[in-house]
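Visitor: I'll drop the sequence and a predicted model, then ask my questions.
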Amino acid sequence: QGRPPVASSCTYLTSHMGVWQKMPMRMMNTGEADLLAALHDGLWDQPLWSRFLGLLQGATGAATASLIMRPKEGPAVHFHAGDSLPLALQEYFTRDDDAARLLREGRVYAWDELTAADQGVRTFATPEGFGFRHLRTLRLTDANDAHAWLTIAGPRDMGAASAALLSRLGPHLKIALNNLAALERERRRASISSEMIGRLNFGWLTIDARCRIIDQSANVQDILRRTALLRHGRYDRLTFASAAIDRDVAALAKAFAQDPHIRPRAFRLSQDPWMDMFVTAIPDRQPSEASPAVAMLYLSGDRWSRDDRCEQLIDLFGLLPSEARLAWAMAQGRSIAEAAHDLGLTTETARNYSKKIYAKTGAGGQADLVRIIFTSVLAII
């Protein structure tokens, strides 16, 4: 238990329930090491695993090296080097039938073994009809129950060595497939998170001591396009429409470069639509860091104007236009008297409107009205 012992050149170490054990390891030659490197790097190839399949084709002398992936849902995908597998064989691997059940996972099948395991193969093709006489194929599944078929085929017998190579590659390919599944899952999560952050109109930037932008969240460019309050200026400098805010942020950036413990500051950039900004030092910044960023700016605001929000309140709660205008003013923290003055209403009229607003929204008062509005779908549209 604890740290693994030192492995000899003929063993590798595996841990089961925290107990390290020696397992036999077959020494790989240089060619196989290159294959494995290309296999694990293949997640970043375009198309996927193109270099790995090319090396596999060359190492086995096959006319084609093919990887077909059939996800649990959605269409299958086919990657290959050299000739493409005949369409009939692709359809056999990708159609929803008993092929996966009949062919054992992790075993390498030759053409004769494939047809012996599944007599249905003979009903639609012969190897001569495919333009080759010899085939080796390996089936694997990933953590999401997707099937993958690694196949080499050609006119000449590729020999037992090629079959053994596919067998040795199998566990590594399974790891790569699981990594791909995990990567796609994280990409989906990141996409959803990014979309949600975009809907909330929230973003962040980091700047150096001269207010030059060092890094930013993916949606900041959208925010900059929608507003004239701040922009990406010359020499990558972050520039503000307000000269006073521009001076204050520049001074803060210089101050944070000298002392990261200076009190952060918040700024109101706009009232309608509202946008706020919070400027603070880079968290846990070390003097030895290579990045020149000294300050982080958090932007938060509304994508919609007051008139847009009033229309949304009308749709959501069935308010009248006059009631929606008052409700939005109250949601912005204005008292009934202040909101009445802003909207040209008498205080008594505003109070009557507020009673109707509370009844339609189910609010028990102004504080409850604010909670209901800002926890509704208005917060994400």
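Guide: Received it, and whenever you're ready, just let me know what you need.
Visitor: ok, how many other residues are close to C211?
Guide: The local packing of C211 (other CB atoms under 10 Å) involves 23 other residues. Heads up, the C-betas are built off the backbone N, CA and C, glycines and all.
Visitor: My read is that it contacts F240, right?
Guide: No: using CB atoms under 8 Å, C211 is not in contact with F240, being 9.3 Å away.
Visitor: shared neighbours of these two, which are they?
Guide: Counting by CB atoms under 8 Å, 6 or more residues apart in numbering, the residues touching both C211 and F240 are V249.
Visitor: mind showing which ranges of the stretch 251-381 of the chain have poor pLDDT?
Guide: Scanning the stretch 251-381 of the chain for pLDDT under 70 picks out 286-290, 379-381.
Visitor: redo that, cut-off 90
Guide: 270-275, 283-291, 300-309, 331-334, 373-381 (pLDDT under 90).
Visitor: Which stretches in it count as strands?
Guide: With DSSP state E, counting those that start in this stretch as the criterion, the stretch 251-381 of the chain has strands at 265-271, 274-281, 295-301.
Visitor: Could you look over those strands and pick the most buried one?
Guide: strand 295-301 (a mean of 21; mean count of other CB atoms under 10 Å).
Visitor: For it, list the C-alpha coordinates in CSV.
Guide: In CSV, the C-alpha atoms belonging to strand 295-301 read as follows (Å, rounded to 0.1, in the frame of the first residue of the first chain):
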residue,chain,number,x,y,z
ALA,A,295,-6.3,41.8,-11.6
MET,A,296,-9.6,40.0,-12.4
LEU,A,297,-12.7,41.8,-13.5
TYR,A,298,-16.1,40.2,-13.1
LEU,A,299,-18.9,41.6,-15.4
SER,A,300,-22.5,41.0,-14.6
GLY,A,301,-25.5,42.6,-16.2
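Visitor: elements contacting it?
Guide: Judged by 3 or more CB pairs under 8 Å, 6 or more residues apart in numbering; DSSP states H and E, strand 295-301 is in contact with strand 202-207, helix 220-226, helix 243-258, strand 274-281.
Visitor: right, and the ones you listed - which one's nearest L53?
Guide: Counting by CB to CB, L53 lies closest to helix 220-226 out of the helices and strands packed on strand 295-301; the figure is 36.8 Å.
Visitor: Thank you, goodbye.
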